[in-house]
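J.: structure for this input, please:
(2 chains)
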Protein chains: 2
Amino acid sequence: MSKYYELDEKTVIDYITNKVDFFAKDAVLETEEIGDGNLNLVFRIKDIKNNTSVIAKQALPYVRVAGEAWPLDIKRGEIESKILEIEYKLTGGLVPKIIKYDLDMYVMVMEDLSDYIIMRYGLLEHNIYPKFADQITDFLVKTLLLTSDVVMNHLEKKEYVKDFINPELCEITEDLVYTEPFGIYDRNNVEEDLKEFTEKNIYADTKLKLEVAKLKFDFMNNAQSLLHGDLHTGSIFVNQESTMVIDPEFAFFGPMAYDVGALVANLLMAYISADAWIEDKEVKEKQKEYLLKTTGEVIDLFNEKFLKTWDEVVTDDMAKVEGFKEHYLEDVLINTAGVSGCEMIRRTVGFAHVKDLDAIPNNDKRIDAKKTNILMAKDLIKNRAAFTSGEEYINLIKKYF
Amino acid sequence: MSKYYELDEKTVIDYITNKVDFFAKDAVLETEEIGDGNLNLVFRIKDIKNNTSVIAKQALPYVRVAGEAWPLDIKRGEIESKILEIEYKLTGGLVPKIIKYDLDMYVMVMEDLSDYIIMRYGLLEHNIYPKFADQITDFLVKTLLLTSDVVMNHLEKKEYVKDFINPELCEITEDLVYTEPFGIYDRNNVEEDLKEFTEKNIYADTKLKLEVAKLKFDFMNNAQSLLHGDLHTGSIFVNQESTMVIDPEFAFFGPMAYDVGALVANLLMAYISADAWIEDKEVKEKQKEYLLKTTGEVIDLFNEKFLKTWDEVVTDDMAKVEGFKEHYLEDVLINTAGVSGCEMIRRTVGFAHVKDLDAIPNNDKRIDAKKTNILMAKDLIKNRAAFTSGEEYINLIKKYF
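T.: Just a heads-up that it's a prediction; the model follows:
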């Protein structure tokens, strides 16, 4: 750690100038800290003379939102840069290009996505991304299926599993997604007006907790594929033309359903939020229709591309047995619904919330939206075997709206 | 590898005298190579003056039964010695004590078990081991449950998973247990008189192969517990008083069912063999009764001790949810039946057979025994959800005998 220091808006310019061969000699650099994540410092460094820019992301040795009292292995930055390189190759560019990774400073310098917006904020601004479902399902099928034992050489895959074991970041998920939201824990953040509902509908529901326990152990033990590990709409940059996935520092070999489920949950929460918050009726209906359609398309396109790609890339002899790919996919889809439910619950009554729900200004509407979110989540977890097509998600939404 | 050379019955005496502080100064050493395994050299070195002895086991850089054309990572010996130390602590001595592990020579020197017999040969000699079911279920519950996420700190467990990733040895199992016996592969060894039966009942049974594919992917991906990885009756030393498990070089974090299932399969094959081979009617009935009872007891004691131990050692909060331990155990038991079936099939029509079946002298009886073995195995794989108690295994045996 001796060569490590935390960057700030001043020192990052020196750092980039001396350590990274990217900007022109006559560059005039400006910078701003744009990180709103929970873990890292993120700077945009811009050459205002030549209109070029890069992003520098530095890992901190603690959890940013919690402070130095919650230490975290700083080497996660190295995992992240390796994962981005792997995902770049697998997806043909659905993640940003890495320009440099600095092993002393734990700084990753990468392609700036200044003409993109974080999807969560884009959706909150009532934007529509017509190519998103197609592009994100490309990302999912390529990163997940191509790193599974269905396709990879089994010896190489096990070396990958070893390289990307990620105990501290997995523990965060185990605690914050699969444990604490379901009981009384200090880090939980439950609105006063939601407490009674939460106690009755979550803490007291043993059947729900049993299903969550099953999903938790699947998350911990099922080293199926190289996951992104945190694929919510805050980890995705979008614009009208393209999609870029960022922030894979939670990556590890886990169940495919964890990535697909996190994504679907955040689309469902965006839907609930749009219903509660958008004032203009026409805009609201258009946004809800888009989110309904996109949720269904994500499931159906994932389904369709998964089966099609399987036939093109399968190498394992037993995976070629009749009926196996359908069984394998069905298992992923069932657990996807379960994961979605866990993500929706933890974003409502756990430690880390989403702006979609928390920022609904009207108190009654916000509490109602959160209650609906919890009820839908319970349905997804407890009846997860019923959710294997886009239609079933659409029917779920229609049941509540 | 520069300091490495293959030991033989002459050089091993020099090696032990110079490298291992075990024998008395006036020792008169004799040695014999006693290895009958597929992978290693095993020597017993005995001081005939003072009547003490040790075992020296040396890893070879290739598969012994196949020769140098089938290379194998020699470092597996290191994994084995570490696993024996872990299992020694977990089980309070149900594995031999390690005296020394030599990182240059890949030699492990350990406690000699000269007053024990390899269980497979003991059973073939019609011996009965009254304490076996109780002791082996202690071994199973302690090694499996105590290394799972139910009990272990999740961060430490992931470091263990990483340390014991074992790609080459796992690949042997993936190929020889879960793939090749179910189709036409060069390494398969199918008796001429069994070929038609095998084609019809195994290769042509798509439903069977689909179930085996599911079990194969569970084996590859489910990093549940630290397994022995090769727990057949050739990896177990027994006598009237005690049980010692040896040879954990296939150890890795995998599904608990793989260890329990391998054991149960070998008890079932011993039963089939006893029925086909023992001439004396009284001895035959006594042996069959013992094996029937032991098979049932292994399942029931595993069941009982697992649930009892769970309550004493569980640490994971979600694992404490009502109903979870029963669900978890049921899943282990169901897959145990599936694994048993795979092990029984691969020992009949795969690469590595067992003496129990192959050595039945009468041709018709041997072929019949192998056919029965295959049919029982198919039942175990295809109907595995029905096998969650000792009684159900006993009923299965009674259905065929």
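J.: so what's the spatially closest residue to A:Gly229 that is not a sequence neighbour up against?
T.: Nearest residue to A:Gly229 in three dimensions, chain neighbours excluded: A:Phe250, at 3.0 Å (C-beta to C-beta, 6 or more residues apart in numbering or on different chains). C-betas here are computed from N, CA, C, even on glycine. Each residue near A:Phe250 by C-beta atoms under 8 Å, 6 or more residues apart in numbering or on different chains is listed here: A:Asn166, A:Leu169, A:Cys170, A:Ile172, A:Thr173, A:Leu227, A:His228, A:Gly229, A:Asp230.
J.: change it to 10 Å
T.: The contact partners of A:Phe250, by C-beta atoms under 10 Å, 6 or more residues apart in numbering or on different chains, come to A:39, A:76, A:79-80, A:83, A:166, A:168-170, A:172-173, A:227-231, A:235, A:258, A:262.
J.: longest single helix anywhere in chain A?
T.: helix A:281-313 (DSSP state H).
J.: counting contacts, what elements does that one pack onto?
T.: helix A:119-124, helix A:132-140, helix A:256-277, helix A:324-349, helix A:390-400 (3 or more C-beta pairs under 10 Å, 6 or more residues apart in numbering or on different chains; DSSP states H and E).
J.: dump the ones you listed into CSV; add distance to B:Leu292, mean neighbour count and mean pLDDT as well.
T.: Shown next, in CSV, are the helices and strands packed on helix A:281-313 (distance: least, C-beta to C-beta, whole Å; neighbours: other C-beta atoms under 10 Å in any protein chain shown; pLDDT from 0 to 100):
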stretch, distance to B:Leu292, mean neighbour count, mean pLDDT
helix A:119-124, 62, 22, 97
helix A:132-140, 50, 22, 98
helix A:256-277, 42, 27, 97
helix A:324-349, 34, 24, 98
helix A:390-400, 48, 16, 98
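J.: who wins for proximity to chain B among those?
T.: Closest to chain B of these is helix A:324-349 (C-beta to the nearest C-beta; 4.6 Å).
J.: that closest one and chain B, any residue contact?
T.: Yes - with C-beta under 10 Å from any C-beta of the partner chain as the measure, helix A:324-349 is seen reaching chain B through A:Phe324, A:Lys325, A:Glu326, A:His327, A:Tyr328, A:Asp331.
J.: need the contact list for the closest residue to the fourth one other than its chain neighbours.
T.: For A:His327, ignoring the flanking residues on the chain, the nearest one in space by C-beta to C-beta, 6+ apart is B:Lys214 at 6.6 Å. Counting by C-beta under 10 Å, 6+ apart, B:Lys214 makes contact with A:Met318, A:Val321, A:Gly323, A:Phe324, A:His327, A:Tyr328, A:Asp331, B:Asn335, B:Gly338, B:Ile381, B:Arg384.
J.: coming back round to it: for the longest helix of chain A, buried residues please.
T.: A:284, A:287-288, A:290-292, A:294-303, A:305-306, A:309-310 (16 or more other C-beta atoms under 10 Å in any protein chain shown).
J.: tell me the pLDDT at A:Gly37?
T.: pLDDT for A:Gly37: 65.
J.: contacting residues around A:Glu87?
T.: Neighbour list for A:Glu87: A:93-96, A:139, A:142-143, A:147, A:226, A:228, A:245, A:248, A:251 [criterion: C-beta under 10 Å, 6+ apart].
J.: what packs against the one helix or strand A:Glu171 maps to?
T.: Assigned by DSSP states H and E, A:Glu171 falls within helix A:167-176. Judged by 3+ C-beta pairs under 10 Å, 6+ apart, helix A:167-176 is in contact with helix A:76-91, helix A:206-221, strand A:252-254, helix A:324-349, helix B:154-163.
J.: just checking, what packs against the shortest one?
T.: With contacts taken as 3+ C-beta pairs under 10 Å, 6+ apart, strand A:252-254 sits against helix A:154-163, helix A:167-176, helix A:206-221, strand A:225-227.
J.: what sits up against the last one?
T.: Just to be clear, that refers to strand A:225-227. Applying C-beta under 10 Å, 6+ apart, the external contacts of strand A:225-227 come out as A:83, A:86-87, A:90, A:140, A:143-152, A:157, A:160-161, A:163-164, A:166, A:170, A:219, A:248, A:250-260, A:262, A:332, B:221.
J.: one more: stretch A:59-71?
T.: Under C-beta under 10 Å, 6+ apart, the answer for stretch A:59-71 is A:1, A:4, A:6, A:35-41, A:72-81, A:105-108, A:168, A:172, A:187, A:249, A:351-352.
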